[in-house]
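Visitor: with the input below, show me the fold.
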Amino acid sequence: MADQVELSGDLRCAIITPDCQVLDVAATSVIIPAHDGQIGILRQRAPLLCNLGIGVVKLTTGGTQRRVFIDGGFAEVRDSRVTVLTAAALEPEQIDRETSQAALNAALNMRITDDASFQARQDAIARAKTQLALTRG
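Guide: Sure thing, here's the model as predicted:
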């Protein structure tokens, strides 16, 4: 597989959840949502290991962009290969707008009693808003 990456001039990007490998594709660039901001990755980037936040992985392949929602996790970049390990990953067509809106409403009504419940509320809001944004295109 590494020879194919070298010959094509592309990266390989794999997104993996505990249940399955969501995708493994060639890409000319990948943008990942690190815990502290977006990181753009091109071929032959220096090795990297980072925490991910709730957000969208953006892959560019042949001039088209593919987007995948991820729910935190970790990313490793090594040898022109990006590996994303995440709790959940969904492509826009897998996201139900009404379910995401209901999740946002529920998150906004979550009761805050301590730091942990505050963080859970913030994460739930971010998750729902990110999914809603993906359904809008």
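Visitor: let me see the domain layout of the chain.
Guide: Taking automatic domain parsing as the domain assignment, the ranges for the chain are 2-90, 95-136.
Visitor: can you put these in TSV and add mean pLDDT and mean neighbour count?
Guide: In short, each C-beta sits where N, CA and C put it, glycine included. Output for the domains of the chain, formatted as TSV (pLDDT from 0 to 100; neighbours: other CB atoms under 10 Å):
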stretch	mean pLDDT	mean neighbour count
domain 2-90	90	16
domain 95-136	95	14
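Visitor: can you pull out the helices in this protein?
Guide: Remark: helices assigned in the chain by DSSP state H are 2-8, 97-108, 115-136.
Visitor: show me what the longest one is packed up against.
Guide: Which is helix 115-136. strand 48-61, strand 64-78, helix 97-108 (3 or more CB pairs under 8 Å, 6 or more residues apart in numbering; DSSP states H and E).
Visitor: and the shortest one, how far out from the chain's middle?
Guide: If you compare the mean C-alpha spot of helix 97-108 with that of the full chain, they lie 19 Å apart, counting by CA atoms, centre = their mean, to the nearest Å.
Visitor: ditto for stretch 32-44
Guide: 10 Å.
Visitor: what comes into contact with that stretch?
Guide: Defining contact as CB atoms under 8 Å, 6 or more residues apart in numbering, one finds that stretch 32-44 is touched by 5, 9-11, 28-31, 48, 50-57, 70, 72, 75, 77, 80, 82, 84.
Visitor: do the same with stretch 71-79
Guide: 2, 5, 32, 34-35, 39, 41, 45-54, 82-89, 127.
Visitor: now it - C-alpha only, CSV.
Guide: Written as CSV, here are the backbone C-alpha positions of stretch 71-79 (Å, rounded to 0.1, in the frame of the first residue of the first chain):
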residue,chain,number,x,y,z
ASP,A,71,-16.5,12.6,17.9
GLY,A,72,-13.0,13.3,19.3
GLY,A,73,-10.3,10.7,19.5
PHE,A,74,-6.7,10.7,18.3
ALA,A,75,-4.9,11.2,15.0
GLU,A,76,-1.5,9.9,13.8
VAL,A,77,0.4,11.1,10.8
ARG,A,78,3.3,9.0,9.6
ASP,A,79,4.8,8.1,6.2
